[in-house]
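**Student:** predicted model, plus sequence, below.
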Amino acid sequence: MIIAAVRSLVTYVAVSLYVLIVAPPGMLIAAVFGAKNHLYVLGHLGVRLGLVLGGIRYRVAGAEHVPRGRAAVYCANHQSNVDPPVLFDAVHPRLHILYKAEIDKIPVLARAFRYGGFIPVDRRNKEAALRSIEEGAKSIRAGNSFLIFPEGTRSRTDELLPFKKGGFIMAIKAQAPVVPVAVQGGRDSMRKGSWIVRPVTVSVRIGEPIETAGVTLDERNVVIEKTRDRIAALLAEGPVID
């Protein structure tokens, strides 16, 4: 326990220092030149730093299902705080994220997120949430892929929580495919309510895309159920084994 706590503390300090040192000049370049590609390079380096120090590895199956040359909405289950950085690094080189508006309380990180094209969602404010969905759909039509966690929070069990509709409405408005993603193993690293990070190998399974071209908003529940069923089926396959 002591070793895990020390390792976790070192990871938090190192990543925080990385963000404080690297983010300001990165954002300055983005503001001056209107470019953001370098932010993704810096973001992946920061994520990998955190994963290495935390002892987090991952295995991926189904990478062939990632749409090539087309923006998509990647829809994943959520078991742990380890999930977002793992999926950010494992699924797509330039993955945008719909993130909880509470993260805006962390000024430097939130500003970097905004420059990178990430979009905050305030679920307590319906009008603001709808604006975020519209902004996300516009970004997808411009060619940017997004990661969503439709459960809205981490599940304490292996059972999927009810799916929220926002991310699916965004995908349908953009007529972009929804890619089901199943992530397993993160809960063993970082349990809900705990700040301790334990070394684990996380499993990521990517399923076949679900097309939304020609689908209307009235059919969103069909897309949601189909996505949920595919994620459940991917989870049932168990962890990815080398």
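**Tutor:** Perfect, I can see it now. Residues are numbered from 1 along each chain as shown.
**Student:** check the protein for its longest helix and report it.
**Tutor:** helix 2-33 (DSSP state H).
**Student:** could I get the full set of strands for this protein?
**Tutor:** 56-61, 73-76, 95-100, 119-121, 145-148, 178-184, 200-206 (DSSP state E).
**Student:** could the ones you listed be laid out in JSON lines, adding distance to Gly34 and mean neighbour count?
**Tutor:** Heads up, the C-betas are built off the backbone N, CA and C, glycines and all. As requested, the strands of the chain are arranged in JSON lines below (distance: least, Cβ to Cβ, whole Å; neighbours: other Cβ atoms under 10 Å):
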{"stretch": "strand 56-61", "distance to Gly34": "33", "mean neighbour count": "18"}
{"stretch": "strand 73-76", "distance to Gly34": "25", "mean neighbour count": "26"}
{"stretch": "strand 95-100", "distance to Gly34": "17", "mean neighbour count": "20"}
{"stretch": "strand 119-121", "distance to Gly34": "18", "mean neighbour count": "22"}
{"stretch": "strand 145-148", "distance to Gly34": "20", "mean neighbour count": "24"}
{"stretch": "strand 178-184", "distance to Gly34": "29", "mean neighbour count": "26"}
{"stretch": "strand 200-206", "distance to Gly34": "32", "mean neighbour count": "23"}
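**Student:** so for the longest helix of the chain, mean pLDDT?
**Tutor:** Mean per-residue pLDDT for helix 2-33: 90.
**Student:** likewise stretch 116-129?
**Tutor:** Per-residue pLDDT over stretch 116-129 has a mean of 83.
**Student:** buried stuff in it?
**Tutor:** Residues of stretch 116-129 classed as buried: 116-121, 129 (neighbour count, 16 or more other Cβ atoms under 10 Å).
**Student:** got a list of contacts for that stretch?
**Tutor:** 36, 39-40, 43, 96-101, 103-104, 110, 113, 132-133, 135-136, 139, 144, 146, 152, 164, 166 (Cβ atoms under 8 Å, 6 or more residues apart in numbering).
**Student:** before we move on, the earlier item: same for the longest helix of the chain, what does it pack against?
**Tutor:** The contact analysis (3 or more Cβ pairs under 8 Å, 6 or more residues apart in numbering; DSSP states H and E) places helix 2-33 against helix 37-54, helix 107-115.
**Student:** residues of the longest one that come out buried?
**Tutor:** In this case it means helix 37-54. So helix 37-54, judged by 16+ other Cβ under 10 Å, has buried residues 39-40, 42-44, 46-47, 50-51, 53-54.
**Student:** go on, the last one?
**Tutor:** Residues of helix 107-115 classed as buried: 109-113, 115 (neighbour count, 16+ other Cβ under 10 Å).
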